[in-house]
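Asker: I need the structure of the sequence given here:
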Amino acid sequence: MAVKMITVQFDLDIELFTKILAHSNQGVKFSVYGDDKPQRIEEPERQLTLAPPKKGVRHVLLPYMKKHPDKTFTTKEMIAIASNFGYNESAVYNAVHNMHRDGLLRRYTPGKYRISKAGITHG
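Answerer: Reported below is the predicted structural model:
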């Protein structure tokens, strides 16, 4: 079996390389790598937002519901309250389920909740 291709690697001085290239460059493929490290692109500093960090929908809904302990809230109303703080709809459903499981909310009818006594004294 005949050798069809061979790869050879040399460390050459640039002057010697140009002499070799000037002598014959037929059928020769060169790959040149530099010694310098690649330059890093400096990223701009990240700006901190003025909004407080998110702690969860529970920390948005409970204080609001404490102010209105006699009101019955629908899930749509709770979604509207939480969306003002940047939370999405699925986060509200999960938080309502967890608060009901922890005894902080009472379910009156499907989709309607009221804060419980444990919810008023919580936190």
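Asker: Grab the nearest non-local neighbour of residue 56.
Answerer: Using Cβ to Cβ, 6 or more residues apart in numbering and skipping residues adjacent in sequence, the residue nearest residue 56 is residue 95, 6.6 Å away. Backbone N, C-alpha and C define where each C-beta goes, glycine included.
Asker: And residue 73, by the same measure?
Answerer: residue 113 (5.5 Å).
Asker: For residue 55, see how far away the one you found is.
Answerer: In this view, residue 113 and residue 55 are 20 Å apart by Cβ to Cβ, to the nearest Å.
Asker: Between the two, which is the more surrounded one?
Answerer: Using other Cβ atoms under 10 Å, the more surrounded residue of residue 113 and residue 55 is residue 113, with 24 against 8.
Asker: quick one: what helix or strand has that one in it?
Answerer: Element membership for residue 113 (DSSP states H and E) is strand 112-115.
Asker: Now do the residue of the chain most remote from its centre against residue 17, distance only.
Answerer: Distance from the centre of the chain peaks at residue 23, with 56.9 Å (Cα atoms, centre = their mean). The spacing between residue 23 and residue 17, counted by Cβ to Cβ, is 11 Å.
Asker: ok, and for stretch 103-122, which residues are buried?
Answerer: Buried residues in stretch 103-122, counting neighbours by 16 or more other Cβ atoms under 10 Å, are found at 104-105, 113-116, 119.
Asker: for those residues, which one is nearest residue 77?
Answerer: Closest approach between these and residue 77, by Cβ to Cβ: residue 113, at 9.6 Å.
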